[in-house]
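In: Predicted model and sequence below, questions to follow.
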Amino acid sequence: MARLQHYLFSHKRLPKLFQDSPLRFVEKMRSAQAQMFLLRFWKAIAEEIDLDDEDIVDPAGLKLTSKETEDYEIIVVSLPPPTISPEAYFIGVWVSYSKAHEGAPFRYFTLELEEDLDRDDDSSVGSPTTVFCEWTETGEHLNYGDGPAPKVETFIEAIAALQVSSTTKPINPARESLLAQALSSGSSVSDTTRQSVSQTDVNAHSFFMQENSRMVNITQGKLSSVNTIVETTGLPVNNSYGVLSPGTGKTTLTLKPNRVVEQTQYRFLGLQFGTRHCELPIHQVDSFELLEKGNPIWATLAIIALPGTVGIGTILFGLLFFLLKKRYLVIRSNSNTLAIGVNSAMDMERARAFMDEMIKVCDRPTSRI
C-alpha cells in the first residue's frame, strides 16, 4: 500500500492547490521561498492527520527544477524516492504561452512508480517501471501508459512531447483502481484516518492561504530572474472604463521572452491594502505606448465646481488638469491592460528601454504564434 504522506502530497493536496488557482500556484513555485513552502507543506500533511510511522516519509529529495522557453514553461517537483505504486517520482506543471499547443494552458502531470507484473518475460516480472499520468481540472486521473526513465530531463521531454500530439489518449483505465485502493484498503489505515483524509482538500487550501499571507511581503517583486530581459518599476495605475489615473504603491513590469508580468502592491499611508499579479503572453499583445494625460480627478473637480464658484474653481482645476499631466507606459491586449506610472526622468529612460526590448521580442516570428 502507498504511504499516505507521499500519496496525499502528489495525488491529492498539490493537484488541488494547482487546479484551484494555477497562476497563483505557478507564481509560488517561481518565488525564492518555493523550497521552504514545499517542505512546510509536506510536513503539514503528517501534522494534520494521525499517520502511522510507516506512512510518514522523510522529505529528503524534495526539490524544484524548471525549464522555460519562448512558448512554454515546465516546473518539476522531485519527490522522495517512491517505494510502491502509485507513489510518484516527479510532479510536472505545464504552463503554455502559445496557441499552437494542444489542451489547457495549465496542466498537472505525474511520473509514477508501477510494479509491472503483466509482462510475459520472466526476467522483468516485478521490475520497477514508470507510468506517465495527469490529474485534470475535473479531478480525473489519466494514464498515458509507460513513462520514461525516472530522470528530470526525460520527464520534461515527455511533457513537452505530449503537447504537440493531438492523438495521444489515456490507456489502461483498470490501473486507476490502485488509487482508490491506496485509501480504501489495508488494515493500517483507520476509519478516523480515512475521515481525516476526506478533509485534506479543505486543509490544503487553508494552508496555502496562510502561507501566502505569511510570505506575501517577502515574495512580492521577487519573481524568478530566469530569462528576464528587462524590468521597470513605478507607481500603480488605475484603469476604470479605459480611463487611466495614478494609484498609490508600487508596480513592477518584467519582460520575459514569452510574456509580460505585472506585480503590483497597493499601499496607502504605509499600509498594504491590495495586490495584483497579471501575466500577458507576448502573442496576445496588441499595442504598447507611452502616454501623457491629465489627471481625471482634476477634470471631475472642475465640473463639480462649475455651479458654485462662478467659474473660478473650474478654471483652477482645469489648469491643474492641463499642467499636472501624468505619464504612463501602457501595454494592451484585447482583454487586458498593463500600465505603470512614469514620474522621473530616470523612470522615463527605463520605460523607453522597456519599449525598445518589447519591439525586439514582438518582432520575433515565434512570439506571434
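Out: Yep, that arrived.
In: Now do the helices in the stretch 1-150 of the chain.
Out: With DSSP state H, counting those that start in this stretch as the definition, the stretch 1-150 of the chain shows helices at residue ranges 4-8, 14-20, 22-30, 34-48.
In: what would those helices look like in CSV with distance to residue 70?
Out: Where C-beta positions appear, they are placed from N, C-alpha and C, glycine not excepted. As requested, these are exported to CSV (distance: least, C-beta to C-beta, whole Å):
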stretch, distance to residue 70
helix 4-8, 35
helix 14-20, 23
helix 22-30, 17
helix 34-48, 23
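In: Pick the most buried one from those helices.
Out: The highest mean neighbour count among these, using mean count of other C-beta atoms under 10 Å, belongs to helix 4-8: a mean of 24.
In: That helix - what's its average pLDDT?
Out: In this model, helix 4-8 has a mean pLDDT of 89.
In: which helices and strands sit right next to it?
Out: In terms of contacts (3 or more C-beta pairs under 8 Å, 6 or more residues apart in numbering; DSSP states H and E), helix 4-8 is packed against helix 34-48, helix 177-184, helix 191-197.
In: ok, 7 Å please
Out: helix 34-48 (3 or more C-beta pairs under 7 Å, 6 or more residues apart in numbering; DSSP states H and E).
In: Could I get the contacting residues of residue 290?
Out: 327, 329, 351, 355 (C-beta atoms under 7 Å, 6 or more residues apart in numbering).
In: Repeat the analysis, applying 10 Å as the threshold.
Out: By C-beta atoms under 10 Å, 6 or more residues apart in numbering, the contact list for residue 290 reads 327-330, 342, 348, 351-352, 354-355.
In: now residue 356
Out: Contacts of residue 356 by C-beta under 10 Å, 6+ apart are residue 230.
In: model confidence over the helix or strand containing it, on average?
Out: Under the criterion of DSSP states H and E, residue 356 resides in helix 345-362. When pLDDT is averaged over helix 345-362, the result is 85.
In: now do stretch 283-302
Out: In this model, stretch 283-302 has a mean pLDDT of 77.
In: which stretch among the helices of the stretch 1-150 of the chain comes nearest residue 73?
Out: For residue 73, the closest of the helices of the stretch 1-150 of the chain is helix 22-30, at 7.6 Å, according to C-beta to C-beta.
In: So what's the residue count around residue 304?
Out: Counted by other C-beta atoms under 10 Å, the residues lying close to residue 304 total 13.
In: Let me fix that, I meant to ask about residue 61.
Out: So residue 61, with other C-beta under 10 Å, has 11 neighbours.
In: With residue 314 instead?
Out: Neighbours of residue 314 using other C-beta under 10 Å come to 18.
In: Wasn't it part of a strand?
Out: No - Residue 314 sits outside any strand when classified using DSSP: H, G, I helix; E, B strand; the rest coil, being helix.
In: Could you double-check that residue 24 lies in contact with residue 278?
Out: No - using C-beta atoms under 10 Å, residue 24 is not in contact with residue 278, being 11.8 Å away.
In: just to revisit the earlier point, and which of the contacts of residue 290 is nearest residue 114?
Out: Checking the contacts of residue 290 against residue 114 with C-beta to C-beta, the nearest one is residue 354 at 48.8 Å.
In: Can you give me the neighbour number for the closest one?
Out: Here the number of neighbours of residue 354 (other C-beta under 10 Å) works out to 23.
In: quick one: contacts for it?
Out: 229-232, 253-255, 260, 288, 290, 329, 331, 340, 342.
In: and residue 278, what does it touch?
Out: Counting by C-beta under 10 Å, 6+ apart, residue 278 touches 23, 253, 259-264, 336-338.
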